[in-house]
Structures are given as C-alpha cells and as structure tokens.
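Novice: heads up, no residue letters with this:
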C-alpha cells in the first residue's frame, strides 16, 4: 500500500492535533515536522507514544528534498501566503489552517496557482466535518424545513489576542464556511463594524451582516473580550428552525418546528 507522504509546518495548538491524527492513519506517513522553535520540535517528539524517525527542522525550505505529497500549514496567519506559495511552487498539495490569507489578492493568487498546477489547496474548516453540521445539511435538504431564511451566530469568548490578525480573521471563517455550505449560495453584500475595545492594537469585537444571493440574511457576532464562552448558530427556515451549540461535547443540536404566527 502506497502511503501519502505528509509534513506539518507549525506545531502550535492545531499543528499538534494534526500530528496526533496523522500518526493514527495507516495510509499516511508523517515524514517531517517543522517549527521555528527547536525546543517545541523536541518536546513534540518526546510526547509521542510511538517511535518517530522523521525529520525535525526549523526551516520549511528543507522539506522539498523529501518528495512530499502534501503539507499542512498551521503557522501564524500572516505567514500562510508565503509558506503555502512556496510549497505549491514545488508541486506539493497543501492543507492550510484558516484563514488562508489576510487579504483577498493573496488568497486569489494561491487559488489560481493551485489550479494552474492541478494541486489541491484546502482550508482547515474543521466544523464542516462535524457530525452536527453534516446532519444539519441533511435537514436543510428536506422539504419540511423550508427555505433557509436567516441565520444568527455568536462566537464569543475571553480569547487569545493574536498579534497578526484580528477577531474577524480568527473567528468568522468558521461560521461563514458553515453558512456557505448549508445555504449553497454566495454572499453578495457585507456590512461590518469592528472595534478595538480592550486590546487597543487589535480589533477584538465585531458585528457582521451578510446578504446572500438566495435572499438569506445572516448576522455574526464575534468577540475576544466576553467572559463567557459562546459558540452557537441559529438557523431559521420556513417551517423549522435549528440551533447548534458547539460548546457542548458532542455539540448540542436542537431542531424544532417554527411557531405559527397568531392572527390579530
């Protein structure tokens, strides 16, 4: 059986999750781990409950000599563009943690480059693969739910403040990816307000309204400064509504019939 040769660049929180999962897959060979901190590389290897003889390096450029099939880029957001472009130019498929880039021109360039080279370029939108999201998709496809009319999401917590990206780049990709998937429609209008309330050097609170081509409207509330963690999406259809609470494990999903309007 031919194994897929993969390397991971970036061993922060998400990079560690990829290491753990790839080591359990029979069709994957984790051939290298890369991080700019040598002590983190050594600590990661020491924690593994299996023998690992792959390459440890602080220079992602070293990985091109390993005949890679794919790479995972789990580094700070500001580095995604340059690192991902490097590997695409070396004909390596790439899975990139969200956000892909911090501006649309860079993102568009990477998408075009991947298409030109017939390479896979995928974002780490993990919630698209949650069992609750998959079930929601099935519910949306049933006639008794009706048209998806509106959505409201709250992604709030007393979160880590990132040096290189604001709360929108950090949190909004989760909900936007889910809404694009469920609605099967594109956004045609965006209105957003954001403020640096507590952390003066970075936007830490945002409210976004999205108008979709199919008529659906969505509101997103994002915050790094809320004392209580909230991760909910409310979906309203013609005949039913659904509430997904991702703070519970497994996530809590409630489907109910929409209340009838009382005649005056």
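Specialist: Alright, I've got the coordinates. No experiment lies behind these values; they were computed from the predicted model shown.

Novice: For stretch 106-117, buried residues please.
Specialist: Judged by neighbour count (16 or more other C-beta atoms under 10 Å), stretch 106-117 contains these buried residues: 106-107, 109-110, 114. (C-beta placed from N, C-alpha, C; glycine too.)

Novice: Run through who's touching that stretch.
Specialist: Contacts to stretch 106-117, defined as C-beta atoms under 8 Å, 6 or more residues apart in numbering, come from residues 81, 84-85, 88-89, 91, 94, 100-101, 119-121.

Novice: Provide a list of residues in contact with the closest residue to residue 30 other than its chain neighbours.
Specialist: Residue nearest to residue 30 in three dimensions, not counting chain neighbours: residue 22, with 4.8 Å by C-beta to C-beta, 6 or more residues apart in numbering. Residues in contact with residue 22 (C-beta under 8 Å, 6+ apart) are 6, 8, 28, 30.

Novice: on that earlier part again, let me know the closest of the buried residues of stretch 106-117 to residue 223.
Specialist: Within the buried residues of stretch 106-117, the smallest distance to residue 223 is 24.5 Å, found for residue 107 (C-beta to C-beta).

Novice: The closest one: what secondary structure?
Specialist: Using DSSP: H, G, I helix; E, B strand; the rest coil as the criterion, the local structure at residue 107 reads helix.

Novice: Now do it, the pLDDT please.
Specialist: Residue-level confidence at residue 107 comes out at 96, pLDDT.

Novice: same deal with residue 258?
Specialist: According to the model, residue 258 scores 64 on pLDDT.

Novice: quick one: which of the contacts of stretch 106-117 has the most company?
Specialist: For the contacts of stretch 106-117, the largest neighbour count, defined by other C-beta atoms under 10 Å, is 27 neighbours, found at residue 84.

Novice: which helices and strands sit right next to the one helix or strand that one maps to?
Specialist: Residue 84 is part of helix 80-89, with elements assigned from DSSP states H and E. For helix 80-89, the packing partners by 3 or more C-beta pairs under 8 Å, 6 or more residues apart in numbering; DSSP states H and E come out as strand 70-73, strand 93-96, helix 104-116.

Novice: rerun at 10 Å
Specialist: strand 4-9, strand 70-73, strand 93-96, helix 104-116, strand 121-123 (3 or more C-beta pairs under 10 Å, 6 or more residues apart in numbering; DSSP states H and E).

Novice: Let's have those in CSV, adding distance to residue 204.
Specialist: Formatted as CSV, those follow (distance: least, C-beta to C-beta, whole Å):
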stretch, distance to residue 204
strand 4-9, 28
strand 70-73, 25
strand 93-96, 24
helix 104-116, 22
strand 121-123, 23
